[in-house]
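Trainee: what would the 3D arrangement of this be:
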Amino acid sequence: MRSERSAGDEQGMLPFELEVPEAARPRRAARAAPQDVVPVPLRHRMATDALASRGWPEGTELLVARGRRPRRGDVALVIDGGRRRVGVYGLELGRVALRSDHGSVWLGPSAEVLGVVVQVAAPLPEPPPSGRG
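Mentor: Just a heads-up that it's a prediction; the model follows:
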């Protein structure tokens, strides 16, 4: 069965008009950070032996690069629930987690990653007790 043109459709167009969508506004380009501004690294002293298996006992001082996003396997410093946590960044059961010698902690949506550990300093020895007594 052939379709035939109607008398009102002399130009071969459809009998109804389609709305032409407006052209989308071009997106603004993201501003690049000024190159002369370098984030100051953050120092953190470990209060527990959570990463002793890496050779980082309690009192180890960490230098954290701010603004650097962690990847799997990086040691990251995170604020979660008002507490600073240090651990190996990764996934556990499909959720973002920090692993340490004390176990794993899932990070919630309110967790803020401060940065990635880039340098580690050995803990300072305890000063000898004073002989005054």
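
Trainee: CA only for contacts and neighbour counts going forward, please
Mentor: Noted.

Trainee: tell me the pLDDT at residue 128?
Mentor: Among the per-residue scores, residue 128 shows a pLDDT of 71.

Trainee: can you pull out the strands in the protein?
Mentor: Per DSSP state E, the chain carries strands over the ranges 42-45, 61-66, 75-80, 83-92, 95-100, 103-106, 112-121.

Trainee: neighbouring strands - and their directions - for the second one?
Mentor: Translated: strand 61-66. Strand 61-66 sits in its sheet next to strand 42-45 (antiparallel), strand 112-121 (antiparallel), going by DSSP bridges.

Trainee: and the average pLDDT for it is what?
Mentor: Strand 61-66 comes out with an average pLDDT of 90.

Trainee: tell me what residue 91 is bridged to.
Mentor: Judged by DSSP bridges, the bridge partners of residue 91 are residue 96.

Trainee: just to revisit the earlier point, okay, the strands paired with strand 61-66, which one's buried deepest?
Mentor: Highest mean neighbour count among the strands paired with strand 61-66 (mean count of other CA atoms under 10 Å): strand 112-121, with a mean of 18.

Trainee: distance from the chain centre to it, please.
Mentor: Here the centre of strand 112-121 is set off from its chain's centre by 12 Å, with CA atoms, centre = their mean, to the nearest Å.

Trainee: switch to numbering from 832
Mentor: In the new numbering, first residue 832, that becomes strand 943-952.

Trainee: list of residues touching that strand?
Mentor: Strand 943-952 is contacted from outside by 891-901, 905-911, using CA atoms under 8 Å, 6 or more residues apart in numbering.

Trainee: are any of these buried, and which?
Mentor: Those of the contacts of strand 943-952 that meet the buried threshold are 891-897, 901, 905-909, 911, by 16 or more other CA atoms under 10 Å.
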